[in-house]
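**Q** Got a predicted model here, sequence first, then my questions.
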Amino acid sequence: MVCGAQISLGLQKTLVLEVAGITGTFFLAFSYDTPVITSTAPFNIPASAGSLTVITLQGTNFGSADVSPSAYIGLTPCASTKWISTTTTTCNPTPGIGAQVDVNVLLQDTAAGQYVGGVHEGFTYDTPVITMISTHNGPTAGGSTLTLSGTNFGMYDASAAQQAIIAGNYCNATQWVSNTAISCTVPPGVGVMRHVGMLVQKMSVQWLRCSPMMAQS
């Protein structure tokens with residue numbers, strides 16, 4: 001006997017067969033496939049992008065309209081998720097940082113609970129860019145304050161995920177100010193035309209952008 005299953009979702013469904021008024025039951029016999037994301041468009045956005053941005057997720061097994069799926073970028077839920085079809089869902093993201101971030105769609109099955117599927121390392125926030133530094137020299141003992149200006153530093157303070165670097169050395173302290181400004185307490189060093197960089201780390205991915213700096217020798 002062949003059964004053509006309807007479009008639906010869920011895990012460990014019970015199969016019931018009725019023949020001439022007599023029924024047979026097979027418990028926890030059938031599960032629908034978990035969601036699969038095959039593409040995201042766009043696949044990268046600025047760190048400051050918010051809920052007015054729309055990311056389209058293409059794939060399969062997104063379920064029917066009444067399941068209210070939830071999309072996630074990394075561990076952060078989209079500000080809103082809209083089901084379009086069993087192959088298309090849209091996400092209005094929240095600001096974030098990181099490269100090669102997982103994207104997932106979570107479906108809620110009232111009988112079997114939540115289940116999720118997506119794409120590994122399928123999305124990236126734009127890399128930080130340094131456009132200006134507040135001073136081009138400082139004492140070799142360090143301790144002075146340097147402000148890095150640019151973009152894509154993140155819309156929130158992510159502590160260890162945001163680090164300023166001078167000549168390959170971490171600043172003694174890095175203080176997030178805004179998406180366009182980071183403050184660095186300069187480490188000790190010598191030399192001229194030293195590189196100043198910004199490292200944003202999230203989900204084991206690192207970015208580095210450099211621009212020249214002079215330190216007193």
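**A** Ah, there it is.

**Q** residues in contact with Phe62?
**A** Residues near Phe62 by Cβ atoms under 8 Å, 6 or more residues apart in numbering: 35, 69, 83, 85-89, 105, 107. Bear in mind the C-beta positions are built from the backbone N, C-alpha and C, glycine included.

**Q** before we move on, which element is Asp102 in?
**A** strand 101-109 (DSSP states H and E).

**Q** before we move on, back to that, neighbour-wise, which of the contacts of Phe62 leads?
**A** Val105 (27 neighbours; other Cβ atoms under 10 Å).

**Q** isn't it right next to Tyr115, touching?
**A** No - taking Cβ atoms under 8 Å as the definition, Val105 is not a contact partner of Tyr115, at 9.9 Å.

**Q** Show me which positions of stretch 151-166 end up buried.
**A** 151-156, 158, 161-166 (16 or more other Cβ atoms under 10 Å).

**Q** thinking again about what came up before, run through who's touching the strand holding Asp102.
**A** 9-11, 34-35, 37, 40, 57, 59, 62-63, 67-74, 81, 89, 114-125, 202-203, 205.

**Q** what about 6 Å?
**A** 9-10, 35, 37, 40, 63, 67, 69-74, 89, 114-116, 118-120, 122-123, 203 (Cβ atoms under 6 Å, 6 or more residues apart in numbering).

**Q** Equivalent analysis for stretch 81-95, please.
**A** Under Cβ under 6 Å, 6+ apart, the answer for stretch 81-95 is 7, 48, 50-51, 53-58, 60, 62, 65, 69-71, 73, 76, 78-80, 105, 155.

**Q** Filter those down to the buried ones.
**A** 48, 53, 55, 57-58, 62, 69-71, 73, 78, 105, 155.

**Q** Among the contacts of Phe62, which are located in strands?
**A** Judged by DSSP state E, the contacts of Phe62 include 83, 85, 88-89, 105, 107 as members of strands.

**Q** Least confident of those?
**A** In terms of pLDDT, Leu107 ranks lowest among the ones in strands among the contacts of Phe62, with 83.

**Q** How much space separates it from Gly98?
**A** 24 Å (Cβ to Cβ, to the nearest Å).

**Q** cool, Leu146 as well?
**A** On the measure of Cβ to Cβ, Leu146 and Gly98 end up 25 Å apart.

**Q** These two: which has the busier surroundings?
**A** Neighbour comparison, Leu146 and Gly98: the larger count goes to Gly98, with 23 against 19 (by other Cβ under 10 Å).

**Q** helix, strand or coil for that one?
**A** Following DSSP: H, G, I helix; E, B strand; the rest coil, Gly98 is assigned to coil.

**Q** So what does it have for phi and psi?
**A** Here is the backbone geometry of Gly98 (degrees, to the nearest 10): phi 130, psi 160.

**Q** Thought Pro35 was touching Tyr115, still the case?
**A** No - at 8.2 Å, Tyr115 does not count as touching Pro35 under the criterion of Cβ atoms under 6 Å.

**Q** in the chain, which strand has the most residues?
**A** strand 113-125.

**Q** tell me which residues in that one are buried?
**A** Buried, per 16+ other Cβ under 10 Å, within strand 113-125: 115, 117-119, 122-125.
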